[in-house]
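Novice: using only what follows, build the 3D model:
(2 chains)
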There are 2 protein chains.
Amino acid sequence: MSHPQTTFRQTTFTAPSLLLTRRLTVSRTTVHAQLAQLRANGQYDCFKLGWHPIYDDRSRWPAPLHLFWDSDVAKWIEGACYFLVDEYDVEVDAAVRELVAMIRGAQHEDGYLNVHFSVVEPGKRWTNVRDMHEMYNAGHLIEAALAHRQYYRNDLLMDPIEKYISHIHRRFGPGKDQVRAYPGHPEIELALLRCYSATDNTEAYDLARFFLEERGNPTGQDGKHYYDWEMERRGEPRWKRPNSWPMDRSYWYCQAHVPILEQESVEGHAVRAMYLLTAAADLLNISQGSSSSTGDVVPVRPVTAASDWLAALRRLWSNMVDKKMYLTGGVGAVAQWEGFGIDYFLPQGPDEGGCYAETCASVGVMMLAERLLHADPELNGRYADVMELCLYNNVMTAMSADGKAFTYENQLASCEAARSEREGWFVCACCPPNVTRLFGSLGGYLWDYGGTSGVGEEGEKEAFVNVHLYTSAEVKFPVGEAEVTFSQKSNWPWEGNILFQLKGAETLDQTIRLHIPAWATQHGHVLTPTPPAGTATLEKGGYLRLDPSYTASNPVFSLDIGGASFAPRYIAPHPYTNQRTLTLARGPIVYCVEDADHPREENHFKDVGIKRGTVVEEEWRVDEKSGEGYFALKTMGWERSPEVLARGEDGVERELVFVPFYFRSNRGGKGQMRVGLRDDGR
Amino acid sequence: MSHPQTTFRQTTFTAPSLLLTRRLTVSRTTVHAQLAQLRANGQYDCFKLGWHPIYDDRSRWPAPLHLFWDSDVAKWIEGACYFLVDEYDVEVDAAVRELVAMIRGAQHEDGYLNVHFSVVEPGKRWTNVRDMHEMYNAGHLIEAALAHRQYYRNDLLMDPIEKYISHIHRRFGPGKDQVRAYPGHPEIELALLRCYSATDNTEAYDLARFFLEERGNPTGQDGKHYYDWEMERRGEPRWKRPNSWPMDRSYWYCQAHVPILEQESVEGHAVRAMYLLTAAADLLNISQGSSSSTGDVVPVRPVTAASDWLAALRRLWSNMVDKKMYLTGGVGAVAQWEGFGIDYFLPQGPDEGGCYAETCASVGVMMLAERLLHADPELNGRYADVMELCLYNNVMTAMSADGKAFTYENQLASCEAARSEREGWFVCACCPPNVTRLFGSLGGYLWDYGGTSGVGEEGEKEAFVNVHLYTSAEVKFPVGEAEVTFSQKSNWPWEGNILFQLKGAETLDQTIRLHIPAWATQHGHVLTPTPPAGTATLEKGGYLRLDPSYTASNPVFSLDIGGASFAPRYIAPHPYTNQRTLTLARGPIVYCVEDADHPREENHFKDVGIKRGTVVEEEWRVDEKSGEGYFALKTMGWERSPEVLARGEDGVERELVFVPFYFRSNRGGKGQMRVGLRDDGR
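Specialist: Prediction:
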């Protein structure tokens, strides 16, 4: 089992593309801008364990403003190490080294490592694992250590982190002298399982597995739910609860209301849910020994009920994707708990009942989708579809084209109280560095691949590449003695013709699977050279499987899913959302209207309707400021006030310009934007 | 200033009508059924101050299950006294007498009178006026005493209640030895002002006025918000808060976030808001000496900023009616706080994001509307429109045709978790007796009236009747020596022809104003005999004003607003609700579909659409079980699953039967119902 955070190094982005543009921006601008924010706000020095004025602010109970600082630093280190691979940068390198030294210096003798409980509340460590994010911070430190070790090829950060893992492993677990806790904010589980995969650290595996299996146990600790037990130990009454909880004992907020295997629907804080399920998929993948480029690692104890874990993951994934996901890939309709509402409750904006669609949550969806591509025996195009949807829409809209401004929430419609804007930083700064990490490891999401070089029973010499996302990139991976090189070249997401080339695999049977996006399936595809009968099959899972006989004869081939598939299309949310709106999409890109193109708009496009079937014109634009090109879409809409609608009149025809949702708020204006416009047709 | 609860005695329902049918059912069945519930559940004996097992249940913090028992008893007494006027009943009379004796026996020496703080938590009285409903209970006791005194013409209940008012008056107020509290659940204010109007009790007036003026004062008590101060005195932290509060210090829940005059929008718990604003309107009415049948009472201190109070009432009313009211007259979209959501957030049911529409809240809307008809200088048909809308829809749907089952919430669409059903009783039993009280005093809502008999400056002899609701009824009221009798006769709400007759007013100038409902205005109306020019004017406020010269010549006349106005019509929520649904209405009645007429329906009509303009047929039905007649409406709809909709196909045509929303769930079935169906047209 390997992870995108490991495998991305084998992939190179080879030609100009939207993804490469963003990666370069993050590498050259964002990593530095975020470092500057860390220095300016105090995070940079927090591991020095000095006092910072913000530590006096106790207004945000239970989680004070600085509670996530450890993780802010850790995520930056992780992202920075990913980009150092691409391009060495002396300032970034120096900062990573200095931060690592500070982290090493902040560790207690017994391995404990946390800023808040070293400086602000010493003596209270591990007394509130439900709210106080110690393990969440630890998880990000583990991920930072993995990235650091991978780039620097030393254990300067991994050493203290493994010591910290041992500390946690001693304290928590099923043993007599341990307590049966698990973190309120899952994250450490996926970090521990990545750590195990990368280092064979079995303490990490055991700990993660305990956390996953124990979570939600109603009688885990002395016959009580751990969070009840812990709360009583703190002497707190039930009603002492975070403001994000609508009721006392709202344990569904952190997915601890029942054990994971018994959860029927995806609930609560969306980021926590995604991190937790990503770890659950990792656990399953490790247990199944699911192979990838780095080969198989056998776990110490395989999961006993693998089919139950797969069933739970499929159930929760489907509930999310079918009933709780915006058509931009955003998840989480409810601001109060930054998470999921009831099925089909997907209002477009805060003044319409909700819409959170947190950036981190969509990064989490991508992580989960990538894991499920490995975990789910029938390779399932739905995971790739959603991964692409999130990437090009909810995730990409979270950063400005210049790489200096970010979002936390990604509403589909602005209002006066929540304009379409981005910010340089946030008090709770999880989202910006999460975007950095994601773009850093993006190469690992494009495809998975592997092979055997004749050591198996039958002595097959095989290799495979499953291509999930299209762009221009090349991957190199070893199969036995051979080094396979596979490349794709395209103008994705604007055009659907992709040229593939396979090298160094002459001695292997090569099976290639190419993802056919769901939005493209109805229009067919063309493979060139034309495959002989039976050598190219569209599998039920949504992948076009190319037989070794085809690739052997055609090391260079192309797939065209363009033409009709890249024509602008009208899309709408599920009717049970009661939204009855319509918007435009083109390829994987979801569009919106914004006031930069309609300067006279004053009502956030609430009164504008469009009709399915109205002609849409495409216009290739190159943005002056950023130099970025994109297709704008133009169509006619109807401006109809509530009064005009009530009278059943036609309203005023109006020209509308749609731009990619990800590109919104890059061209000034007053922050008026809407994805779904009133559906005026049938 | 008089109130419907006083004036209803002057009105008699004279001929069969839907309203009379309901009143008879309540009188003959409901009053007895509710008495049986009080006896069976323990409320009946609670003023004996013995222990009841339910007092041990402390699971519902802060308000234990029995906290409202005082008010349950009081509301039943109030309703029972209203119906005793109509028809003497020996069992009801005996129960009222026994309950009054028990209440008298429960009073403490110092006047205090509350079951919970006498039995369960003696010593904690008045320590939590925010949550513990002492004043709410006191308010209902005051209303019971007023009704009791009116029917029995003795002070057996009023005496202890006035003693209790004195007790409260001593404790709360602006004085040195007083505290500046006001109740978390408003109710006592309107009760106190009714008490003042009926008995000239100036302590009652002063206390109510203090509560209204002090509410939401950020620095009322020792420089603090009273609820903060009180909470600190109890030694409670901010986070100790009811589960209905989404955040700590959610004082908007009980309309105490800012002073009433500064409130920009109607917020929080809907019943509390309606009771509070009703009292505010009473305060204004008393201050303005607004006259009615019982003549004028001059208050001790007129309100200084009457125009500010009127502006606040208009502002909050408009916010509610324009942006926060369902088309059934229901208010309150959010179950958690049983109250208002953001503007235009009006999902139809719990599985679509919300819908509470509590019965008591609509009763409160009717009370507020009735008060505003007096308070607002330009007599405003909007108040009468909304009063009628609530009565015939959200209020009337709250009781079964047999008078034995009730609702608390009145969703517009059922779902598996919340079927369209009614219950015999509730743990928190506010709604059923509120319906009883409302129907008991209903005569007082039909009209207001009054006159002067020549004692004024000019010595005019005048009388007036403003007719707000149509049915078949007669009112008698004195003007000086004369006794005026005014009657109306109609088949409302099914037909729009109303015959009026005026008697005993020959010596007076009589001005009659007849409400033209908003849904009828566009089709015109016919007055017979035809009025000479200038003698019948449709005023801006929505009332047809008949000049004394017209009524002098025509003591019998008729108004016809029928024909086109009573044709079935398509109605839809405001487009900003994002509901895009359509339903049928006929006259004041809003319709729904239910599975009793569509037994094969399995999805709560989620997949059914209708188109504006499709022909609708009327069918007069007489229900077998209840014997009630009503118009059913029949039209064609389209069954289209989400998949069919996505493919843009037509779906399957389907015959639909609509029945009045108030009549739903009277004919068995499995509880599937929907008001707004998908709008399939433009």
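
Novice: ok, and the closest non-adjacent residue to the residue of the stretch 551-682 of chain A found nearest chain B?
Specialist: Chain B sits closest to A:Arg580 of the stretch 551-682 of chain A, with a gap of 3.9 Å, by CB to the nearest CB. For glycine as for every other residue, the C-beta is placed from the backbone atoms N, C-alpha and C. Of all residues not flanking A:Arg580 in the chain, B:Arg580 sits nearest, at 3.9 Å (CB to CB, 6 or more residues apart in numbering or on different chains).

Novice: and for A:Val120?
Specialist: A:Val120 sits nearest to A:Tyr55 (CB to CB, 6+ apart), 4.9 Å away.

Novice: is it correct that A:Leu582 falls within a helix?
Specialist: No. Judged by DSSP: H, G, I helix; E, B strand; the rest coil, A:Leu582 forms no part of a helix; its state is strand.

Novice: spit out the contact partners of it.
Specialist: Residues in contact with A:Leu582 (CB atoms under 8 Å, 6 or more residues apart in numbering or on different chains) are A:Tyr570, A:Ile571, A:Ala572, A:Ile610, A:Lys611, A:Arg612, A:Gly676, A:Leu677, A:Arg678, A:Asp679, A:Asp680, A:Gly681.

Novice: need the helices for the stretch 551-682 of chain A, in chain order.
Specialist: A:642-646 (DSSP state H, counting those that start in this stretch).

Novice: so which bits of it are right by chain B?
Specialist: Proximity of the stretch 551-682 of chain A to chain B, by CB under 8 Å from any CB of the partner chain, involves residues A:572, A:574-576, A:578-581, A:606, A:612, A:642, A:645-646, A:648, A:678-680, A:682.

Novice: narrow those residues to those that are buried.
Specialist: Among these, those classed as buried by neighbour count (16 or more other CB atoms under 10 Å in any protein chain shown) are A:572, A:574-576, A:578-581, A:606, A:645, A:678-680, A:682.

Novice: low-scoring stretches of the stretch 451-600 of chain A, by residue?
Specialist: Scanning the stretch 451-600 of chain A for pLDDT under 70 picks out the ranges A:455-459.

Novice: residues contacting the residue of the stretch 551-682 of chain A closest to chain B?
Specialist: Neighbouring residues of A:Arg580 by CB under 8 Å, 6+ apart: A:Ala572, A:Arg678, A:Asp679, B:Asn578, B:Arg580, B:Asp679.

Novice: from those residues, which is closest to A:Pro183?
Specialist: Closest approach to A:Pro183 among these (CB to CB): B:Asn578, at 37.4 Å.

Novice: contacting residues for that closest one?
Specialist: Contacts for B:Asn578 (CB under 8 Å, 6+ apart) come out as A:Pro347, A:Gln348, A:Glu352, A:Asn578, A:Gln579, A:Arg580, A:Thr581, B:Tyr344.

Novice: swap the cut-off to 7 Å and go again
Specialist: Listed by CB atoms under 7 Å, 6 or more residues apart in numbering or on different chains, the contact partners of B:Asn578 are A:Pro347, A:Glu352, A:Asn578, A:Gln579.

Novice: over to A:Glu423?
Specialist: If a contact means CB under 7 Å, 6+ apart, then A:Glu423 has A:Ala405, A:Phe406 as its contacts.

Novice: what do you get for the one 5 residues further on?
Specialist: Under the criterion of CB under 7 Å, 6+ apart, the contact partners of A:Cys428 comprise A:Phe68.

Novice: now with 8 Å, please.
Specialist: Each residue near A:Cys428 by CB under 8 Å, 6+ apart is listed here: A:Leu65, A:Phe68, A:Tyr408.

Novice: so it, which of the three states?
Specialist: For A:Cys428, the assignment made with three-state DSSP gives coil.

Novice: okay, it: pLDDT?
Specialist: Note on A:Cys428: pLDDT of 75.

Novice: same deal with the one 10 residues further on?
Specialist: pLDDT, A:Leu438: 97.

Novice: for the stretch 101-250 of chain A, which residues are neighbours of chain B?
Specialist: The interface of the stretch 101-250 of chain A toward chain B, taken as CB under 8 Å from any CB, is made up of A:Pro237, A:Arg238, A:Trp239, A:Lys240, A:Arg241, A:Asn243, A:Pro246, A:Met247, A:Asp248.

Novice: tell me which element the closest residue to the last one other than its chain neighbours is part of?
Specialist: Closest residue to A:Asp248 apart from its sequence neighbours, by CB to CB, 6+ apart: A:Arg238 at 4.2 Å. Following DSSP states H and E, one finds A:Arg238 outside all helices and strands.

Novice: isn't A:Arg238 right next to A:Ser250, touching?
Specialist: No. The pair A:Arg238 / A:Ser250 is not scored as a contact, 10.6 Å apart, by CB atoms under 8 Å.

Novice: the two: who's more crowded?
Specialist: With neighbours defined as other CB atoms under 10 Å in any protein chain shown, A:Arg238 and A:Ser250 compare such that A:Ser250 has more, 18 against 14.

Novice: show the backbone phi and psi for the more buried one.
Specialist: Main-chain dihedrals, A:Ser250, degrees, to the nearest 10: phi -80, psi 60.

Novice: against chain B, how distant is the nearest residue to A:Asp547 once chain neighbours are set aside?
Specialist: Leaving aside its chain neighbours, A:Asp547 sits nearest to A:Thr535 (4.2 Å; criterion: CB to CB, 6+ apart). A:Thr535 sits 33 Å away from chain B, going by CB to the nearest CB, to the nearest Å.

Novice: quick one, phi psi at A:Thr535?
Specialist: Dihedral angles for A:Thr535 - degrees, to the nearest 10 - are phi -100, psi -10.

Novice: A:Val100 now?
Specialist: phi -60, psi -40.

Novice: what count of nearby residues applies to it?
Specialist: So A:Val100, with other CB under 10 Å, has 21 neighbours.

Novice: dump the residue contacts of it.
Specialist: A:Val100 touches A:Ile77, A:His148, A:Leu156, A:Leu157, counting by CB under 8 Å, 6+ apart.
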